[in-house]
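J.: structural data only, the sequence is not supplied:
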């Protein structure tokens, strides 16, 4: 597996790259920066973490930010 784009609400918010048997998340949007550098077992785990983070913050991701 190479890098994979992660989208939330139709907006690209980061990528995951393989790293020592897990996936390292690289944030490209400020809204998900708290997850930058964290490692996950699967892309769906990343999406769950993003959903939890965004739900706590009110939920919307701007295309501009």
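T.: Happy to help now that I have it. Everything quoted here is computed from the prediction, not taken from an experiment.
J.: strands of the protein, start to end?
T.: 4-8, 11-19, 22-27, 39-40 (DSSP state E).
J.: deepest of those, which one?
T.: With neighbours defined by mean count of other CB atoms under 10 Å, none of the strands of the chain is more surrounded on average than strand 22-27, at a mean of 18. Backbone N, C-alpha and C define where each C-beta goes, glycine included.
J.: show me how far it is from its chain's centre.
T.: In terms of CA atoms, centre = their mean, to the nearest Å, the centre of strand 22-27 is set 7 Å apart from its chain centre.
J.: report the angle between it and strand 11-19.
T.: Orientation check (axes from the mean of the first three to the mean of the last three CA atoms, to 10 degrees): strand 22-27 against strand 11-19 gives 150 degrees.
J.: ok and the worst-scoring helix or strand of the chain on mean pLDDT relative to strand 22-27, angle-wise?
T.: Ranked by mean pLDDT, DSSP states H and E, the helix or strand of the chain with the weakest confidence is helix 43-57, at a mean of 93. Orientation note: helix 43-57 sits at an angle of 40 degrees relative to strand 22-27 (the same axes, to 10 degrees).
J.: phi, psi of the residue located most distally from the centre of the chain?
T.: For the chain, the C-alpha farthest from the mean C-alpha position belongs to residue 20; by CA atoms, centre = their mean, that distance is 18.2 Å. Here the main-chain torsion angles of residue 20 (degrees, to the nearest 10) amount to phi 50, psi 50.
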